[in-house]
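[1] what follows is a predicted protein model with its sequence.
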Amino acid sequence: MEAGAVSGILNTTLAVVFVWVGYKTAKIVWKYTPYSYPNARIKAMEAKLLTEQRFNELAESRTLQNFVVNLEDTDYKDYLTDVSAYTIEEIERALEKALAGTYELMIKILPKRVSPFFGLMLEEWDVRNIASVVKAKFAGDVAGDYVMEIGPMLPKVRAMAEAKTMEEILVILEGTPYEEPYQRLLLGEISLQEFETELYRMHYGKLLRYALSRKEDERVILEEFVRLKIDKTNILTVLRAKAAGMTAEEIRPLVIPGGSIKLDPLLHVDDLSMALAELDSTKYGKVIRDVREEVERDLSVLERVLERHILERMNELNRFYPLSVAAPLSYILQREREVRKLRAIAKLIEDGVHPERIKELAGDVA
């Protein structure tokens, strides 16, 4: 072979190698660099999450005023500045605003290719608020007592709580995704429980579609997160229904599609105990095995166990994919847990519960 031909082959080979290396480098930069700053910031924020010792100190507050004062050196300080009468309602509103602030921060600092997912997660609070307000209205309760100060539709939710008639709520929901199911509820085509299920079905459907539209690590993590959330909701729905003696036909319309386990075997058993036995043969068997007797007495135990499982799974993914969306998901879950515990402690202080008992009960919240 002539020297010119050899030189040409070598030049072509080198060009291919350089292009391949450049492509790989650009891909790594695109994939990981956008997470460097937000995940470093989240790591610093995680270090400020309240410890068990700090929760115990807060349980010793005795009064709600002391409780607020004891939070002045935390990230909640800015949200508690408007608390003046030191009522449980004021404090709960401040804590809910702090949680909303966490979501808004994630939307602001995360890469644009994933931040809309956190906007969709924030909409879950709209679903909770709308379902709570409508259920309160049907029951004749004061709907405003059930509104949480979080969610993109909060002004509309407040207006719904103030509405004089059920038809007025329909006008408020006009043009939103929730108008159609609410209209069917008013027409008697679906029950109140089916209405709530429909809201969650729409919400999780949006989350899952977004997750499946991502690529590589982001798709893996977001998809697992959404399917875990759907599994949690479905398992609790089915077990509560079994505890209430509902049949498979009655439960099926309340199940949300998109979960990772087959629920049919649970639907066709006779009672809660047999449903738990069926659940034991799924991937959640090892999650609930140690607390099964407690769960048979109190299903709220299962809710906490499943929430803890989702957090642990996100932490595992965070260790496997350190520069990824797993870190902000884990942080959001930890922040939600923290707010739940603070709300519980504040409520128990208001009820005059002894500090030692508050420590025991608040520990059960997480």
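    Structure received.
[2] going forward, measure contacts and count neighbours with C-alpha atoms only.
    Will do.
[3] neighbours around residue 320, how many?
    When counting by other CA atoms under 10 Å, one arrives at 11 neighbours for residue 320.
[4] per-residue confidence for residue 118?
    On pLDDT, residue 118 comes in at 95.
[5] in the stretch of helix or strand it belongs to, which residues are buried?
    Using DSSP states H and E, residue 118 sits in helix 115-139. For helix 115-139, burial by neighbour count (16 or more other CA atoms under 10 Å) applies to 115-137.
[6] what of stretch 315-326?
    315, 317, 318, 321, 322, 323, 324, 325, 326.
[7] ok, stretch 77-86 next?
    Here stretch 77-86 shows 77, 79, 80, 83, 86 as buried, counting by 16+ other CA under 10 Å.
[8] if I look at the last one, how far off is residue 144?
    As for residue 86, its distance to residue 144 is 19 Å (criterion: CA to CA, to the nearest Å).
[9] ditto for the third one
    Between residue 80 and residue 144 the distance, using CA to CA, works out to 21 Å.
[10] one more: the second one?
    If you measure residue 79 against residue 144 using CA to CA, the figure is 21 Å.
[11] the first one too?
    Distance, residue 77 to residue 144, using CA to CA: 25 Å.
[12] re the thing from before, okay, who's weakest in the buried residues of stretch 77-86 by pLDDT?
    residue 83 (87).
[13] and that one, its phi and psi?
    Torsion angles at residue 83 (phi, psi; degrees, to the nearest 10) stand at phi -80, psi 120.
[14] does it touch residue 91 like I think?
    Yes. When contacts are counted by CA atoms under 8 Å, residue 83 is listed as touching residue 91 (6.7 Å).
[15] helices or strands up against the helix holding residue 118?
    For helix 115-139, the elements it packs on are helix 88-109, helix 154-162, helix 192-213, judged by 3 or more CA pairs under 8 Å, 6 or more residues apart in numbering; DSSP states H and E.
[16] in the shortest one, what counts as buried?
    Buried residues in helix 154-162, counted by 16+ other CA under 10 Å: 154, 157, 158, 160, 161, 162.
[17] now stretch 301-311
    301, 302, 303, 305, 306, 307, 308, 309, 310, 311.
[18] what about the first one, which helix or strand?
    Remark: residue 301 resides in helix 299-320, with elements defined by DSSP H and E.
[19] how about residue 340?
    helix 326-350.
[20] rounded mean pLDDT for that helix, please.
    pLDDT averaged over helix 326-350 gives 95.
[21] give the next helix or strand downstream of it.
    Past helix 326-350, the next helix or strand by DSSP H and E is helix 355-365.
[22] report all helices and strands that that next one contacts.
    Packed next to helix 355-365, using 3+ CA pairs under 8 Å, 6+ apart, are helix 52-59, helix 326-350.
[23] tell me the most buried of these?
    Highest mean neighbour count of the helices and strands packed on helix 355-365: helix 326-350, a mean of 21 (counted as mean count of other CA atoms under 10 Å).
[24] test my guess that residue 147 contacts residue 133.
    Yes. Between residue 147 and residue 133 there is a contact under CA under 8 Å: 6.9 Å.
[25] between those two, which contacts overlap?
    Common contacts of residue 147 and residue 133 (CA atoms under 8 Å, 6 or more residues apart in numbering): 157, 161.
[26] where does this structure dip in pLDDT?
    1-3, 6, 10, 14-32, 364-366 (pLDDT under 70).
[27] return the set of buried residues in stretch 242-261.
    242, 243, 246, 247, 248, 251, 254, 255, 256, 258, 259, 261.
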